[in-house]
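Colleague: I would like to see how this sequence folds:
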Amino acid sequence: MSPKIAILPEASRSTLRSTTILTSLPQIVFELVQNSLDAGASQVDVGVDIEAWHCWVRDDGHGMEAAGMSVLAKGGESGRYGSSKAYDSESLEYVSTFGFRGEALSSSADISCLEICSRTAASRETWSVILKGGKKLYYGPAVRWRREKPGTTVCIRDAFYNLPIRRRSHPNSAKTLDLIRKDLESVSLVFPNVAFSFENSAKEKNEGTGKGRILTIPKTSSSLSAFRHIFGRALCEHVEDINVGMDNMRIQGFLSLDGAQSKAYQYLYVNRHPLSPCELHRAIDTRFAASSFGKHAFDETGETRTPRSTVRRSPRKNERRPVFVLNISAPPRHIDNCLEPSKSAIHIQNLDVVSHFLSTVIQDFLVRHGFSSVGRNMNARKCSDSPSPRKKRKVVHRDPRPDIPAVAVTPPTSDIKSIELSRPSSANSRQEMQAAVLSVDPSADGGRELEWVDPLSGQLYKVDSKTGNSYRAHADRKEEDIVDHGENHDKRRGLVDTSRLRRRSNICSEEEEVPNWIQNALEGWQNPTFGLQDPGIPTMTSISSSSRRPWLEPHLEPEQRPNRQTHFFDANLAAGKRYNADDASLSFSREQLKCARVIGQIDKKFVACLVDDGNNGHGTGSRTLVLVDQHAADERIRVEQFLSEVCKGFLQHGSSGRVETMELKPAAPLLLTRLEARILAHSEGYRHAFERWGFRFAPMNHALAGPAEEGAGDEYLQVLVEAVPDVVSEKLLVADELREVVKGFLARLEVDGVACQPPTSSDAHWTTALRWCPRELLDLINSKACRGAIMFNDPLDIDQCRRLIFQLSNTVWPFICAHGRPSLVPLTNMEWSGRKHKSIIWHRLK
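Modeller: Purely as a prediction, here's the structure:
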């Protein structure tokens with residue numbers, strides 16, 4: 001019997017819908033803030049008590065009438081879809097508000113105890129409604145949250161009381177407060193005419209008024225002013241205002257010439273809706289990645305490098321990230337933001353057009369400020385979303401004479417290519433216009449000259465059919481007439497006249513050969529300036545006979561060697577082919593490397609070993625000859641020794657150990673932005689995260705002041721560092737390494753949050769801490785391991801080689817160096833075709 005289809009009960013429908021729309025406290029707060037903005041509020045205050053699952057949002061907007069609140073008082077499905085922003089099916093294409101579904105308040109009533117208190121300008125009474133579980137508990141004049149002015153207060157208590165699993169999976173208190181703060185900062189940048197405040201209600205209640213204040217953003221005149229108030233002037237000291245329109249779209253905001261350590265200061269909106277990472281972000285990243293902004297952006301000392309150099313920036317130096325606030329205005333009918341409840345993911349009808357427009361604005365900014373040399377005309381080619389677009393070379397040949405046309409030559413993509421000769425526009429006939437286009441074959445073996453008449457001057461030109469180079473037909477080439485080039489002379493003419501070079505080469509060919517006494521003298525002469533310091537590396541092109549492989553011979557005198565079957569290495573080497581490591585189908589383990597037979601050092605660069613791979617299919621393992629890079633091997637040993645020491649101290653911090661530190665006396669000064677110093681001073685979690693890696697700061701009482709007003713002078717503060725990790729202490733105190741590490745790790749904590757740090761553990765393996773290790777600290781450790789490792793041309797005896805291979809086999813990742821390059825390569829398989837294995841004279845291989 002098939003199950004009967006029935007309508008879900010009203011309570012079930014309402015609960016299922018509500019739990020899908022509101023998933024966390026930050027989302028509840030953000031929905032309420034958006035309602036306040038839709039109500040025309042100029043002041044929005046937010047309070048949160050995480051432990052009590054309590055939050056409230058207060059605004060000075062238009063307020064709600066008593067009749068409107070009576071719709072919400074119905075509760076359940078009857079109160080759902082009640083909204084002051086009601087749209088019909090046709091006007092939904094022109095939605096201009098954040099809210100339009102009428103579900104936020106009714107959904108809050110299903111998962112919490114909801115209290116709404118509101119008053120309009122025409123009302124003399126504050127009306128209130130209280131609902132819980134979709135049922136009305138009270139409706140009438142307000143008892144709490146009474147208002148003297150128009151506005152609304154929405155209070156949420158006991159959130160997710162009927163969803164215990166959601167409470168257990170909810171972010172912790174610090175993470176929740178941080179998410180709400182970031183949401184308010186984001187919305188304040190596109191609503192600079194609205195003041196915002198945010199407080200921790202529990203701390204405000206327990207410690208006194210003002211102690212729980214987290215964020216205060218006053219009304220400002222622009223997005224730039226709001227940004228400077230929140231984050232300080234350091235990241236936007238040098239900016240360019242953006243206000244560009246195209247058709248029915250417009251981009252407004254600013255782009256900063258000052259670079260940041262992370263992408264935490266990149267804000268992109270569509271119709272003032274904040275966007276989660278999408279194709280538009282990738283379009284911006286593509287343009288900045290293809291420019292020199294990362295190494296030439298401004299920092300604390302001004303421009304990173306002046307004049308801007310083309311020298312590649314050290315890979316260990318942090319690349320600067322762009323800072324921007326951009327809002328894309330587009331017709332609402334072209335935007336679909338109903339993909340998810342938070343409305344942060346959208347679909348755009350003409351995404352390619354919007355992406356190209358945004359990409360062009362970014363490219364123009366980069367060109368104007370010298371970060372990119374690509375021209376402003378972006379219509380010639382479509383902007384690619386790939387960070388490494390495939391380039392198409394275009395060479396423009398120009399003759400210095402004004403009456404010679406320019407020829408644009410593009411590498412051929414087919415057998416026949418059309419080369420268009422550009423010339424000044426005029427009212428010529430269609431026939432004259434067509435005369436400027438010549439069809440040629442660039443793949444032809446020999447070039448033939450085509451004649452072309454300039455319709456303006458009547459001058460005859462000859463164009464090479466293969467290269468597109470041209471010259472006037474009456475040009476006199478006297479130098480070429482001096483020498484008889486024969487019937488097969490290539491008459492192609494380029495930008496540089498090479499006829500003189502060809503003549504000299506022909507003359508030299510007719511001279512006698514170099515005298516024998518000169519050749520004899522040069523054969524025995526050793527150049528004292530460019531002489532070889534070391535003997536050359538022995539080479540082998542083929543091993544088709546036993547005479548070419550003496551190291552394979554047994555310990556017998558030549559006259560005692562009997563005739564026998566010749567045994568070879570693998571097929572590639574026997575055929576004289578170059579070895580390709582990608583063709584090898586071998587895999588090794590640390591145990592195999594530990595049991596390897598060490599032969600000795602080769603050319604003071606490699607250690608030759610025989611490794612039993614166990615893959616011959618006869619039950620006994622065959623041997624493979626491998627070469628181990630002595631520098632890469634020692635680098636791997638050293639880097640794991642350093643990392644093990646640091647990571648174990650990180651994991652055991654406060655329990656059974658800590659990272660070994662070097663006390664700095666006197667303390668090292670470090671220049672940070674006011675925002676960075678304030679974050680370190682206020683956040684005990686941030687300072688603790690630094691201490692676990694061995695960094696300790698002096699007290700920062702001078703940074704505990706609130707955010708500086710716009711225009712205030714002190715945008716940078718000096719912070720004192722009292723201790724650093726001992727393993728890289730020498731490197732940290734050189735140049736700006738300490739500043740790079742601190743600012744980089746601080747930026748990562750801002751993005752990931754302190755909650756991502758793992759708890760202390762004395763049992764975990766040290767490799768588990770690598771995911772939390774600051775990238776800048778890891779780069780310094782890799783650099784120290786590299787600089788102190790065995791180098792090429794360092795001689796090693798057989799005992800040192802064996803010790804090196806044994807230590808390498810005890811590492812966690814023995815087959816790659818600290819920089820990710822392979823530490824060894826298999827050279828050939830040493831399996832014999834006969835049953836008797838012949839002894840090998842390995843010392844002859846050296």
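
Colleague: run through who's touching the strand or helix carrying Ala521.
Modeller: Per DSSP states H and E, Ala521 falls inside helix 516-523. Helix 516-523 has contacts (CB atoms under 8 Å, 6 or more residues apart in numbering) with no other residue. Placement of C-beta: from N, CA and C, glycine included.

Colleague: report the mean confidence score over it.
Modeller: For helix 516-523, mean pLDDT rounds to 76.

Colleague: got it, and stretch 777-792?
Modeller: 92.

Colleague: put the alpha carbons of the helix holding Ala521 into PDB.
Modeller: Only the C-alpha atoms of helix 516-523 are listed here, as PDB (Å, rounded to 0.1, in the frame of the first residue of the first chain):
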ATOM      1  CA  ASN A 516      97.800  25.500 -38.800                       C
ATOM      2  CA  TRP A 517     100.200  27.100 -36.300                       C
ATOM      3  CA  ILE A 518      97.400  29.100 -34.800                       C
ATOM      4  CA  GLN A 519      95.200  26.100 -34.500                       C
ATOM      5  CA  ASN A 520      98.000  24.100 -32.900                       C
ATOM      6  CA  ALA A 521      98.700  26.900 -30.400                       C
ATOM      7  CA  LEU A 522      95.000  27.200 -29.400                       C
ATOM      8  CA  GLU A 523      94.600  23.400 -28.900                       C
END
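
Colleague: after whichever helix in the chain runs longest comes which helix or strand?
Modeller: When the chain is parsed with DSSP state H, its longest helix is helix 630-651. The element immediately downstream of helix 630-651 (helix or strand, assigned by DSSP H and E) is strand 661-673.

Colleague: send the alpha carbons of the next helix or strand after that next one over as CSV?
Modeller: Using DSSP H and E, the next helix or strand after strand 661-673 towards the C-terminus is helix 674-682. Output of helix 674-682 as CSV, limited to C-alpha atoms (Å, rounded to 0.1, in the frame of the first residue of the first chain):
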residue,chain,number,x,y,z
ARG,A,674,47.2,52.2,15.0
LEU,A,675,44.5,49.6,14.1
GLU,A,676,47.0,46.7,14.4
ALA,A,677,48.4,48.0,17.7
ARG,A,678,44.9,48.4,19.1
ILE,A,679,43.9,44.9,18.1
LEU,A,680,47.0,43.5,19.9
ALA,A,681,46.3,45.6,22.9
HIS,A,682,42.6,44.8,23.2
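
Colleague: and helix 674-682, what other elements does it pack with?
Modeller: Counting contacts by 3 or more CB pairs under 8 Å, 6 or more residues apart in numbering; DSSP states H and E, helix 674-682 packs against helix 684-692, strand 716-725, helix 737-752.

Colleague: mind redoing it with 10 Å?
Modeller: Contacting helix 674-682 under the criterion 3 or more CB pairs under 10 Å, 6 or more residues apart in numbering; DSSP states H and E are the following elements: helix 223-231, strand 661-673, helix 684-692, strand 696-697, strand 716-725, helix 737-752.

Colleague: so which of these gets nearest Ile5?
Modeller: Closest to Ile5 of those, according to CB to CB: helix 737-752, at 47.4 Å.

Colleague: any idea how far Met791 is from Cys817?
Modeller: Distance of Met791 to Cys817, computed by CB to CB, to the nearest Å: 13 Å.

Colleague: look at the two and report which has more neighbours.
Modeller: More neighbours surround Cys817 than the other of Met791 and Cys817, with 21 against 14 (other CB atoms under 10 Å).

Colleague: hang on, isn't the more buried one packed against Ile790?
Modeller: No. Applying CB atoms under 10 Å as the test, Cys817 and Ile790 come out as separate, 11.8 Å apart.

Colleague: what do Met791 and Cys817 both touch?
Modeller: The contact sets of Met791 and Cys817 overlap at His631, Asp634, Glu635 (CB atoms under 10 Å, 6 or more residues apart in numbering).

Colleague: using PDB, write out every CA atom in the helix or strand harbouring Val361.
Modeller: Per DSSP H and E, Val361 falls inside helix 351-368. What follows is helix 351-368 as a C-alpha-only set of coordinates in PDB (Å, rounded to 0.1, in the frame of the first residue of the first chain):
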ATOM      1  CA  LEU A 351      27.800  38.800 -15.600                       C
ATOM      2  CA  ASP A 352      30.400  39.000 -18.400                       C
ATOM      3  CA  VAL A 353      29.500  42.600 -19.100                       C
ATOM      4  CA  VAL A 354      29.700  43.600 -15.500                       C
ATOM      5  CA  SER A 355      32.900  41.700 -15.000                       C
ATOM      6  CA  HIS A 356      34.500  43.300 -18.000                       C
ATOM      7  CA  PHE A 357      33.400  46.800 -16.900                       C
ATOM      8  CA  LEU A 358      34.800  46.200 -13.400                       C
ATOM      9  CA  SER A 359      38.000  44.800 -14.900                       C
ATOM     10  CA  THR A 360      38.500  47.800 -17.100                       C
ATOM     11  CA  VAL A 361      38.100  50.200 -14.200                       C
ATOM     12  CA  ILE A 362      40.700  48.300 -12.200                       C
ATOM     13  CA  GLN A 363      43.100  48.200 -15.200                       C
ATOM     14  CA  ASP A 364      42.700  51.900 -15.800                       C
ATOM     15  CA  PHE A 365      43.600  52.600 -12.100                       C
ATOM     16  CA  LEU A 366      46.700  50.400 -12.400                       C
ATOM     17  CA  VAL A 367      47.900  52.000 -15.600                       C
ATOM     18  CA  ARG A 368      47.400  55.600 -14.300                       C
END
